[in-house]
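Peer 1: Sequence isn't available, so here's the structure alone:
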């Protein structure tokens, strides 16, 4: 791993971590938006660019991780500085997973585009994705501003996304039952909706890390998340 | 967080991390096996115990994470000791995610059991889950024995699981198309199969961390994983 960034001081190292998380986060939001657009518009070119850009996200995570571990070894941070480094490690890993779900969605977009017929039910995706993007946007703001109240608010907001996900799934299942020619494409939509729901889980995890970064304490209660509350119940 | 373990020496701290990863891993393997059994047998009692035990996995991760961060602050480990601590942090987080997928599967088992009719296609799940369990078993062995060759072998084995997943999905889609009464239950099976495929991805990530722990270097090439290779292509 090479560092284009030349290390000058401890504070600059911390600032570098901070900035890298924010620019990685911005790239991930951008990827999410494009991944849904390419499914709705069946845009192969856009899908391919999302898949290509995912490599850049992977690289950012890889560099950030190497930088953080090196910082721990060389600077031996303690207290809030250590939390800063640990949080950056964890947050970058969640951002990478979110981007992975975006690339996965783009791949499904490619498959749907190959069939080439309009997809019944795809129009419900952007609304759901907008919630995930807005949660991610807000948690990046909470991180940048060290705003604990906003972090807690994002952490609680996953419930909204779960409810949208559950009603969307029921809608898609009716299309599948109405006409078996919808089954293949609607199965792709089920997985895409699941991707968005999982993104929400990861944003919730980031919110927990931002809370930890600011307050020094981890949430004790389990996250109010989809995996625990909706699993199995979303399908009638 | 309280530590029942009384810290005596640096080496004992490292040994504690090591042992906790292994016992957490063993619990997770056990959870996986049970989660699939409860789906195949429609066993509500077993499903509820899997869901209950998931809290224990969450607690283990929480404690391990707090212990590792505290070790970094107090012991300021460097070189291979630091890798040991970082690897424990990362591996425990992947183990927790794998267990989450197991609990999610158990919740789907509860839903399927509530309907109460035999599930067409469920018999293909144990074979797929056995591969995920065996990968997890092998990577825990590689971790315990610091066996880099075995870690690399597990890392490459995800392809096998992906292939099983793809052919299983095609099978399930045919049941959905043959009889629309299968659509609800088969959708649950699709998500359960996806859970197993994702577990394989997390085991692959653990393999990358074990390799890092032993060799000090991260894999440069992307993991040979389902998300990148199968996404969108598994559905005809």
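Peer 2: Good, I have the coordinates. Just so we're clear, the structure is a prediction, and the values are computed from it rather than from any experiment. Residues are numbered from 1 along each chain as shown, chains lettered A, B, ... in the order given.

Peer 1: okay, residue A:133: pLDDT?
Peer 2: Per-residue pLDDT puts residue A:133 at 98.

Peer 1: neighbours of it, just the number please.
Peer 2: When neighbours are defined as other CB atoms under 10 Å in any protein chain shown, residue A:133 has 21 of them. Bear in mind the C-beta positions are built from the backbone N, C-alpha and C, glycine included.

Peer 1: Any figure for the gap between it and chain B?
Peer 2: Look at residue A:133 and chain B: by CB to the nearest CB, to the nearest Å, they are 20 Å apart.

Peer 1: so who does that residue touch?
Peer 2: Shown in contact with residue A:133 (CB atoms under 8 Å, 6 or more residues apart in numbering or on different chains): A:29, A:32, A:33.

Peer 1: What segments of chain A are strands?
Peer 2: Read by DSSP state E, chain A holds no strands at all.

Peer 1: Which of the contacts of residue A:133 ranks first by neighbour count?
Peer 2: residue A:32 (24 neighbours).

Peer 1: so who does it touch?
Peer 2: Contact analysis of residue A:32 by CB under 8 Å, 6+ apart lists A:98, A:99, A:102, A:129, A:132, A:133, A:136, A:199.

Peer 1: so who does the residue nearest the centre of chain A touch?
Peer 2: Nearest to the geometric centre of chain A sits residue A:98, at 2.9 Å (CA atoms, centre = their mean). Counting by CB under 8 Å, 6+ apart, residue A:98 makes contact with A:28, A:32, A:136, A:199, A:202, A:203.

Peer 1: Show the contacting residues for the third one.
Peer 2: With contacts defined as CB under 8 Å, 6+ apart, the neighbours of residue A:136 are A:25, A:28, A:29, A:32, A:98, A:199, A:203, A:206.

Peer 1: would you turn those into CSV with pLDDT?
Peer 2: Below are those laid out as CSV (pLDDT from 0 to 100):
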residue, pLDDT
A:25, 98
A:28, 98
A:29, 98
A:32, 98
A:98, 98
A:199, 97
A:203, 97
A:206, 97
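
Peer 1: and residue A:232, what pLDDT?
Peer 2: On pLDDT, residue A:232 comes in at 70.

Peer 1: which residues does it contact?
Peer 2: Residue A:232 makes contact with B:104, B:107, B:108, B:109, B:110, B:111, B:112, B:188, according to CB under 8 Å, 6+ apart.

Peer 1: what about 6 Å?
Peer 2: Going by CB atoms under 6 Å, 6 or more residues apart in numbering or on different chains, residue A:232 touches B:107, B:108, B:110, B:111.

Peer 1: can you tell me how far residue A:190 sits from chain B?
Peer 2: 7 Å.

Peer 1: Skipping its backbone neighbours, what lies nearest that residue in space?
Peer 2: Excluding the flanking residues, the one nearest residue A:190 by CB to CB, 6 or more residues apart in numbering or on different chains is residue A:172, at 5.8 Å.
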